[in-house]
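Provided below are the primary sequence and the corresponding predicted coordinates.
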Amino acid sequence: MLIKDVLILAAESLGRADFVPLVEQAYSDAVSSGTAPEGEAATLLRCYHLVENEVALDHFPLKTQESFLPEDGAVLFTRFSHAPVDVLEVHDRFGVSVPFSLQASRLLLPHTAGEVTVLYSYAPTRAAIDGETAFSDKISDRLLSYGVVCEYLLAGGRYAEAAVWEEKFRAALSAAGLARRKLCVRGRRWV
């Protein structure tokens, strides 16, 4: 699914049919000459990136795995094809779990580790308006458009309307089985 489709749905949800030609023009400009959108199309795209990051980091982590040959017991994060957010598992070539620790710029492994396969989650890259969403068809364009509308209204200072759209966005996440569980700290008592 294209990012432009999410932005058009968001513009229609906002009741701003005048934004649709702006998004279409920004899309055709990006395809033909690679120029970045301006004005309201750029604002909608910025809101989309905020929503995409929130969904990817909090609700539906993007995961991939890659194989590396450690150098001096470490794999630099610059060698990864995506910027890792969290390393989930590390296995050797036989599928045996390998202990690891994380540092600011690298993944530390035992010096005896040979080639390893790393499963990690990553943040989506900032795609242009002519790009695909990071979630392909796993998350609907309607769900993403609810989040874009909420962010757009927040940016414009329309907080009451934004609260309504945020509730719709959270309900859509919940209906898709992506709701984040609420964490709460139990009340403390003095003895």
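On my side now, so go ahead.

Extract the residue ranges of the protein that are flagged as low pLDDT.
Using pLDDT under 70 as the threshold, the predicted model of the chain has low-confidence ranges 180-186, 188-191.

What residue spans form the domains of it?
What automatic domain parsing lists as the domains of the chain is 3-60+135-175, 62-122.

Dig out what Asp92 forms beta bridges with.
Per DSSP bridges, the residues bridged to Asp92 are Val116.

Any idea how many residues pack against it?
16 (other Cβ atoms under 10 Å). All C-beta spots, glycine's among them, are computed from the backbone N, C-alpha and C.

And for Cys47?
Counted with other Cβ under 10 Å, the neighbours of Cys47 add up to 23.

what's the distance between it and Pro21?
18 Å (Cβ to Cβ, to the nearest Å).

Could you say which of the domains of the chain is packed most deeply?
Of the domains of the chain, the one with the most neighbours on average (mean count of other Cβ atoms under 10 Å) is domain 3-60+135-175, at a mean of 18.

Wasn't Ala10 part of a strand?
No - counting by DSSP: H, G, I helix; E, B strand; the rest coil, Ala10 falls outside a strand, being helix.

I figured it hits Glu151, correct?
No - taking contacts as Cβ atoms under 8 Å, Ala10 lies outside contact range of Glu151: 9.1 Å.
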